[in-house]
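Peer 1: generate coordinates for the sequence data below:
(chains A and B)
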Amino acid sequence: MIESHLSLLIVVLPLLTAPIVAILPNGRAPWLISTLVSWSVFTLACMQLANVSTGNIISYELGGWAPPWGIEYRIDAANALVALIVSGIAAVIFPYALKSVEKEIPEQQHSLFYAAFMLCLTGLLGITQTGDIFNLFVFLEISSLSSYALISLGQQRQALTASYQYLIMGSIGATFFLIGVGLLYAMTGTLNMMDLAQRLPELYEHRTIHTAFAFIMVGFALKLALFPLHLWLPNAYTYAPSVVTAFLSATATKVAVYVMLRVIFSVFGFSFIENTPTDELFLILCVVGILMMSFYAVYQQDSKRLLSYSSVAQVGYMMLGIGFGSVLGLTATLVHLFNHALMKGALFMAIGALVYRVGSSRLEHLSGLGKHMPWTFAAIVIGGLSLIGVPGTAGFISKWYLVLAAIEKQYWLIVVVILLGSLLAVIYVWKLIETLYFKSENDSIQPETIKEAPLMLLIPTWVLVFANVYFGFNTELTVGTAEQAIKLLLPGVN
Amino acid sequence: MKYIVEHYNYWLVIIIMMAGFYTVISRGNLIKKIAGLNIFQVSVFLLYISIGNVKDGATPIIEEGITLYSNPLPHVLILTAIVVGVATTALGLALVVRIKETYGTIEEDDIHNQDQSL
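Peer 2: Residues are numbered from 1 along each chain as shown, chains lettered A, B, ... in the order given. Below is the predicted model of the structure:
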């Protein structure tokens, strides 16, 4: 029973939980239910990945309507991996949320907060599961609308303007995507991705198809914060509540990168992209983005903003792999998708633990705290090492594949840029570590009030920290699944 | 010339789209931005409704003797998109209300100045 409806349950379970949580009284009940649901969704996502990791494809017909007329959920190794990331991060973050949310969000909003969080999870999981491009738009808007609401709950008043800015830019991005889908439908008469893939090749020369492709690319470049369309991201991540920042930074942009992958390789096919300047454009934007955003990160005075700029730079690494369009490049993209979710999740959760004690994420307020909160500090160090890409951490694996892909293509300049980006990462991670450990405490903070973060915050953070180290040694899950996924994304190459 | 006149609905879509998009980008007033966003989205609704029309097609209700129907699917799709648009507008306006309460203004420049002077 569960087996046959697995793919649907992953989406429907959080969707049904959202209204239930919303009508519950404030207190711990909404949190408890959300946590349990996120764990069961994670279990389902693991089962789903186990089903498809051997190269199977699950095709689920919604309501029994056969595709291409009905909506189809189509799961291969690529979506199963992304669904695993999203649900896995959610399963780690919900236990963490209890303490952090109690501190940062007014009591009377708790049940609504968890309801919005559940909707956001529904939207992100829905995007990964669906094989219907209009359905994807609907899920995109579910996740976006709920994340605007979540971001606006931040404690500082800038959270409101950050959320508003994100709403405007996000809606423009989604509408661009909608225009693109409309044009595709006008040309092919279908919305099913696999059906589109079959009908598009004979229309490759048609100008409408090129226009549609451009609209979809720009729309999603906005969503995944590809430089120079990243302007909403630093503000949104800086002012959002800690839990929301950790969750969105680890999942939202990753899901958008997945959609890029799916649209470019499964729907249009790479032979279409090769005849357009898209791949070169991606490479140029990524190179500039990686360097500029890493520089920006070095000069930030707020720990969350520093990591946000680093996130934009890291998105550049993921898109580089797509720009290469080779097996190695795509492996790097998929593996980095997974690994970056682990490291940014861990880092933002550790920062959230600092915010829990101090009430601010600005570096001047955090100075010297590392000595009082050794476990939180250690989590930041290991997360930072992974961000840099030190061997023995997950970050190294993805950088390694990316450099290999660049060498294979003989793009020497890009090899240099990747290494330079890592060097800049050393600088900004060191800036965090120096402030936390080597500077003396800020005068306004009484040292006796600062002690180690509660276990409810530490344990989930350390789960992700251990994952960072574990996937630095064991690459069977990440690289293995990525290779399975690429067989389907780039048919004919293997 | 005939080409232009025959596709008048698409020209309308483009004009409305650009008007809305320009409003979103150029206006500093938060309400006007939302209004611009709405106009922008409406143009997309019109685009979808236009492509649903089949030349000489009848209203899509099954009836004896009619074989050619207009395509109802884009209309259904756009109903969904309209709902999404309404939700976006509602959320955007709610945010503007909160911004007005905290900052006392809805002009982007004033808000920016207030945050800078901190």
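
Peer 1: near chain B, which residues of chain A?
Peer 2: Within chain A, the positions near chain B by Cβ under 8 Å from any Cβ of the partner chain are A:134, A:137-138, A:141, A:145, A:148-149, A:152, A:157-158, A:160-161, A:163-164, A:167-168, A:171-172, A:174-175, A:178-179, A:182, A:185-186, A:191. All C-beta atoms are positioned from the backbone trio N, CA, C, and that covers glycine.

Peer 1: from these, which ones fall inside helices?
Peer 2: Judged by DSSP state H, the subset of the residues of chain A next to chain B located in helices is A:134, A:137-138, A:141, A:145, A:148-149, A:158, A:160-161, A:163-164, A:167-168, A:171-172, A:174-175, A:178-179, A:182, A:185-186.

Peer 1: quick one: buried ones out of these?
Peer 2: When those are checked for burial by 16 or more other Cβ atoms under 10 Å in any protein chain shown, the buried set is A:134, A:137-138, A:141, A:145, A:148-149, A:158, A:160-161, A:163-164, A:167-168, A:171-172, A:174-175, A:178-179, A:182, A:185-186.

Peer 1: any idea how far the residue nearest the centre of chain B is from chain A?
Peer 2: Using Cα atoms, centre = their mean, the residue of chain B that lies closest to the mean C-alpha position is B:Gln41, 1.6 Å off. According to Cβ to the nearest Cβ, to the nearest Å, B:Gln41 stands 6 Å off from chain A.

Peer 1: show me what contacts that residue?
Peer 2: Contact criterion Cβ atoms under 8 Å, 6 or more residues apart in numbering or on different chains gives A:171, A:175, B:20, B:81, B:85, B:88 as the residues in contact with B:Gln41.

Peer 1: ditto for A:Leu320
Peer 2: When the contact criterion is Cβ under 8 Å, 6+ apart, the partners of A:Leu320 are A:282-283, A:286-287, A:290, A:329, A:332-333, A:402, A:405-406, A:414, A:418.

Peer 1: from A:Ile459, how far off is it?
Peer 2: As judged by Cβ to Cβ, to the nearest Å, A:Leu320 and A:Ile459 stand 35 Å apart.

Peer 1: same check on A:Leu84?
Peer 2: 21 Å.

Peer 1: now for the helix or strand hosting B:Trp11, which elements pack on it?
Peer 2: Using DSSP states H and E, the secondary-structure element containing B:Trp11 is helix B:8-26. Taking 3 or more Cβ pairs under 8 Å, 6 or more residues apart in numbering or on different chains; DSSP states H and E as contact, the helices and strands that helix B:8-26 lies on are helix A:158-188, helix B:30-52.

Peer 1: switch to 10 Å and redo it
Peer 2: For helix B:8-26, the packing partners by 3 or more Cβ pairs under 10 Å, 6 or more residues apart in numbering or on different chains; DSSP states H and E come out as helix A:158-188, helix B:2-6, helix B:30-52.

Peer 1: what count of nearby residues applies to residue 13?
Peer 2: Reading this off chain A. Counted with other Cβ atoms under 10 Å in any protein chain shown, residues neighbouring A:Leu13 total 19.

Peer 1: if you could check chain B rather than the one you did, that'd help
Peer 2: Neighbour tally, B:Val13, other Cβ under 10 Å: 21.

Peer 1: contacting residues around it?
Peer 2: B:Val13 sits next to A:179, B:7, B:42-50 when contact means Cβ atoms under 10 Å, 6 or more residues apart in numbering or on different chains.

Peer 1: try A:Tyr470
Peer 2: Contacts here follow Cβ under 10 Å, 6+ apart; on that basis A:Tyr470 touches A:342, A:393-394, A:477.

Peer 1: same check, this time on A:Ala221
Peer 2: Neighbour list for A:Ala221: A:173, A:176, A:227-230, A:256, A:260, A:281-282, A:285, A:315, A:319 [criterion: Cβ under 10 Å, 6+ apart].

Peer 1: ok, B:Phe45 next?
Peer 2: A:178, A:182, B:13, B:16, B:74-75, B:77-79, B:81-82, B:85.

Peer 1: which among these gets closest to A:Thr251?
Peer 2: For these, the closest approach to A:Thr251 (Cβ to Cβ) belongs to A:Leu178, at 22.3 Å.

Peer 1: that closest one contacts B:Ile82, correct?
Peer 2: No - shown here, A:Leu178 and B:Ile82 do not form a contact pair, counting by Cβ atoms under 10 Å, at 11.3 Å.

Peer 1: overlap of the contact sets of these two?
Peer 2: B:41, B:45, B:48.

Peer 1: mean pLDDT for the helices and strands packed on helix B:8-26: which is lowest?
Peer 2: Out of the helices and strands packed on helix B:8-26, helix B:2-6 stands lowest, with a mean of 78 (criterion: mean pLDDT).
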